[in-house]
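>>> got a sequence here, can you build the structure:
(2 chains)
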There are 2 protein chains.
Amino acid sequence: MSLSVAVVGATGAVGREMLAVLEQRKFPSASVRAFASPRSAGVKIPFRGGDLTVEPLADGWHKGIDCALLSAGSSISKAVAPVAAEAGTVVIDNSSAFRMTDGVPLIIPEVNADALPARGKGCIVANPNCSTIILLMGITPLHRAFGVERVVVSTYQAASGAGAQAMAALEAETREFVAGGPPRAIAFHEPYAFNLFCHNSTVDAMTGLNGEEQKMIDETHKIWNDPAVRITATCVRVPVMRAHCESVNVTLKNAATLAQVRTSLTAFRGVSIVDDRLTNRFPTPQKASGGDDVLVGRLRADPSQLAPGASPESATRGFDLFLAGDQLRKGAALNAVQIAERMFL
Amino acid sequence: MSLSVAVVGATGAVGREMLAVLEQRKFPSASVRAFASPRSAGVKIPFRGGDLTVEPLADGWHKGIDCALLSAGSSISKAVAPVAAEAGTVVIDNSSAFRMTDGVPLIIPEVNADALPARGKGCIVANPNCSTIILLMGITPLHRAFGVERVVVSTYQAASGAGAQAMAALEAETREFVAGGPPRAIAFHEPYAFNLFCHNSTVDAMTGLNGEEQKMIDETHKIWNDPAVRITATCVRVPVMRAHCESVNVTLKNAATLAQVRTSLTAFRGVSIVDDRLTNRFPTPQKASGGDDVLVGRLRADPSQLAPGASPESATRGFDLFLAGDQLRKGAALNAVQIAERMFL
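Just a heads-up that it's a prediction; the model follows:
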């Protein structure tokens, strides 16, 4: 099979990564076209030894496109995805536009590929939020083996999650800071260099949750098809370029030993264990950057849920773990291409 | 009253801050002497419009000293604190040497000043770990009003917690990184610029907890005099110069409304609420740096503990909050000077 593929939003951080992943994974496309806003038209993007010339997104862009990977923001997705899907294109959308829409599957291939639509006709498939993908790669193995009852997660999110401009802003602010300049907020509502702050999504006046936190809760319920799982999240932007980390506390339905937890994670495709207590080597953003797997470490029995005096190796329902995943790859571009692979290969 | 005060470890990040705090708070000392290792002897430190000349720590250093503030590491504290206390000096020790020693009070003045020893004779008083101080400033108001049953905390800890050298290393690594150099680990077991990692204390082979996490658990039990409170902690070093943040999930013994939680925090001395959902203004390291108060924000009902369909303003047992505190001030130097004030003023 040889497909015609489009990447929409090709000049953004995720769009460029989508092209890189298509090339690296030798996705069997006869043609790949790159679309972006008119102001980026004509930009050249290196691809498979040559260059793609960015085309402006115009009416009829989807004609002849079997599979479109969209990462151009929610409003563009809302405008172009339904038309393209109706016309027969498989649209894999990285924005939040359709994630919670009934009938639109929200997919992490390792987790819920069974929810993918039948092949052979146009549709929209939503790519989950990056923080949700990284979380669920790390805890779905535990959910399958022991049942997850409750999750308390705090994130350490990189600039990449807000795009190439945010990464450039972090670097610019940092240069100014080390040159002795006063703190300045270029990209966000707070200074970013050597600082950290509540995720830049809107904070709900009633619940107090920021948008990223609400996404992690809602998307987990949809992907696991389990609205009963109890989740609270605190989403924080930290001065890291690329790759998100998450500190996760889980309460299982059924007690397990640390060894059993480790075994379930080791067997899960797309997860790598980085967990060396002796040398203090655990997941970090730098170790995850550029890689495909979600790194899992700091595996330990939660002392607040261990019975008094119990060994940390005895069966218990509480565990702590720490995750790192490349937000641009598994958190976005790689997951989208993996969905395309499941739909077409 | 006019006292003779010594700062031991005066050239370190905390030692310098101790001198700054003594000056800023107009601590009534007739004399202040600065001690450090022989290699720092002769260094001049600005103080009260003049200079202190650093003296080498030698036998008999404590003679005539009413109050000694120690921040020179555990081994120095173990060597010099008992002798000085025996001879009549009030020793306030910022190291971990005596924190868990029976009979040595471990004090946050706003939290457990009642555990301070009687005035008028030599003794050792331990200053808690910085992360513990910041945590307990934020949740002791809730513990007093509603009882705290369980705490899940993830930290975002600055370079300052590892001293002046670590701050310099973070800056040096960052300069190299923005100049295009490869990541390099100068101060810690992992590269620090634009990265984050498991706290650099030793990780226990059996429990999997790093030393900082164990301190937060043990010290909370001692300070609250309540070994039943259940705590789990994940301690992470982030590329921030100064001031720690903590993402905290609490389960209360008795349900409370968000308004009641806010009222209990507002009334607590040493805490400032920074909590504006509309403009996304919450505690950050930069807002906490150089200040005395622990900043508390992101106050919200924990959705994982709310009854299904319940309003986030109804009474509930679960709350999330986010703390920021200057590690060098309330997390170390300020708390030590506040202890001295309680002992002498």
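>>> would the helix or strand containing A:Leu323 count as contacting chain B?
Under DSSP states H and E, the secondary-structure element containing A:Leu323 is strand A:316-325. Yes: where contact is defined by CB under 8 Å from any CB of the partner chain, part of strand A:316-325 touches chain B, namely A:Gly318, A:Asp320, A:Phe322. Where C-beta positions appear, they are placed from N, C-alpha and C, glycine not excepted.
>>> want to throw the residues you listed into a markdown table with neighbour count, distance to A:Glu55 and pLDDT?
What follows is the residues of strand A:316-325 next to chain B, written out as a markdown table (neighbours: other CB atoms under 10 Å in any protein chain shown; distance: CB to CB, whole Å; pLDDT from 0 to 100):
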| residue | neighbour count | distance to A:Glu55 | pLDDT |
| --- | --- | --- | --- |
| A:Gly318 | 22 | 52 | 98 |
| A:Asp320 | 25 | 48 | 98 |
| A:Phe322 | 26 | 42 | 99 |
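>>> which among the residues you listed gets closest to A:Val337?
For these, the residue nearest A:Val337 by CB to CB is A:Phe322; the value is 26.4 Å.
>>> what about A:Leu306, neighbour count?
Other residues near A:Leu306 come to 18 when the count uses other CB atoms under 10 Å in any protein chain shown.
>>> go on, A:Phe197?
Per other CB under 10 Å, the neighbour tally for A:Phe197 reads 26.
>>> phi, psi of the residue in the stretch 51-200 of chain A positioned nearest to chain B?
When scored by CB to the nearest CB, the stretch 51-200 of chain A has A:Ser154 as its residue closest to chain B, at 3.9 Å. Summarising the backbone geometry of A:Ser154 under the convention degrees, to the nearest 10, its torsions are phi -120, psi 130.
>>> wait, doesn't it sit right on A:Ser247?
Yes: under the criterion of CB atoms under 8 Å, A:Ser154 makes contact with A:Ser247 at 4.8 Å.
>>> joint contacts of the two?
With contacts taken as CB atoms under 8 Å, 6 or more residues apart in numbering or on different chains, the residues that reach both A:Ser154 and A:Ser247 are B:Ser154, B:Thr234, B:Ser247.
>>> the last one: what secondary structure?
Following DSSP: H, G, I helix; E, B strand; the rest coil, the label given to B:Ser247 is strand.
>>> what do you get for the one 5 residues further on?
Under the three-state scheme (three-state DSSP), the conformation of B:Leu252 reads as strand.
>>> pLDDT score for it?
According to the model's per-residue confidence, B:Leu252 sits at a pLDDT of 98.
>>> tell me how far it lies from chain A.
Taking CB to the nearest CB, to the nearest Å as the criterion, B:Leu252 is separated from chain A by 14 Å.
>>> separation between that residue and A:Leu135?
Relative to A:Leu135, B:Leu252 is positioned 26 Å away (CB to CB, to the nearest Å).
>>> which residues in the stretch 201-345 of chain A form helices?
When secondary structure is read from DSSP state H, counting those that start in this stretch, the stretch 201-345 of chain A shows helices at A:211-224, A:258-266, A:285-288, A:334-344.
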